[in-house]
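# Provided below for reference: sequence and predicted model.
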Amino acid sequence: MKIERNKRVKRLAVWTWTWVATLAIATFGPQFIWDNHTFLTVFAIIVNLANGILMILANRDLFNHFDELEKKVHLESMAITLGLTVVVGLTFSLLDQKDLIPFDAEIGILVGFIGICYMTTLFINMRRFK
Amino acid sequence: MKNHIRDLRVAKGMTQEDLAEVIGVSRQTINAIEKEKFDPSLPTAFKMAQLFELPIEQIFLFEA
C-alpha cells in the first residue's frame, strides 16, 4: 500500500511542478523569451492547460487510492475550502468593486487563500482523528 | 460505536501496522477505529470479522 501511495504522490508532485514551470513559461515567455510571438504563446498556453489536466488526473488517482478515513478528512477539508473560497472570494471582489480595499482583487490572492485554507482545515481534521 | 479491535489485535500478536496492511487501510485509520473516533465502512468491518473469525456484532457494539 505504501509503495503504491508513494508512486502516486511522486507522480502528482511531478505533474504539479511541471504545471508550475509551464505556467511560468506561458506567463513570462512572451515577454522575455520569444518576443510576443503569437503561435509560441498559444502553444505554451495549450501545453500548460494539458499539463494542468494531467495534474488533476494524477490528483484524482491519488484521492481514489486514499482509504476511507483519509477520504473523509480530505472531503471535509475540500468542502470547507470550497465554501470559504466562494464566500470570501465574493466578499473580496465586492470590496474591490466598491473601492474599499487599496489594491485589486487578483486571482493569485484567491489561489493563495485556497492553499492556506485547505492546509489549515486538513491539519485540523487530521488532528481530530489522531 | 464501541469495538474490541485493540484487544483482538493484541491477542493475535499484531501491530497496528500489520492490521492496516492486512485490511488495506492506513495505520492512522486503524488507530482512529481503535480509539472509537471513526466508524469503519461495512467492507472494512467485514474484513476484520473474517480476520478475527468472529461475527461483526461481537467486534462492533452499536449504541443508538
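Okay, I see it. Residues are numbered from 1 along each chain as shown, chains lettered A, B, ... in the order given.
# Flag every residue of chain A that's near chain B.
Taking Cβ under 8 Å from any Cβ of the partner chain as the test, the list of chain A residues beside chain B reads A:1, A:67-70, A:72, A:128-130. (Glycine included, C-beta is placed from N, CA and C.)
# rerun that using 6 Å as the cut-off
Residues of chain A found near chain B (Cβ under 6 Å from any Cβ of the partner chain) are A:67-69, A:129.
# show me where chain A has helices.
For chain A, helices defined by DSSP state H occupy the ranges A:2-32, A:38-65, A:68-97, A:107-128.
# Just give me how far the last one sits from the chain centre.
On the basis of Cα atoms, centre = their mean, to the nearest Å, helix A:107-128 is displaced by 11 Å from the centre of the chain it belongs to.
# Run through the neighbouring helices and strands of that helix.
Secondary structure elements in contact with helix A:107-128, counted by 3 or more Cβ pairs under 6 Å, 6 or more residues apart in numbering or on different chains; DSSP states H and E, are helix A:68-97.
# low pLDDT regions in chain B?
Of all residues in chain B, those with pLDDT under 70 make up the ranges B:64.
# Can the helix ranked longest in chain B be said to contact chain A?
With DSSP H applied, the helix covering the greatest number of residues in chain B is identified as helix B:42-52. No - under the criterion of Cβ under 6 Å from any Cβ, helix B:42-52 makes no contact with chain A; the nearest approach is 6.5 Å.
# Flag every buried residue along that helix.
Using 16 or more other Cβ atoms under 10 Å in any protein chain shown as the burial criterion, the residues of helix B:42-52 that qualify are B:44-45, B:47-49, B:51-52.
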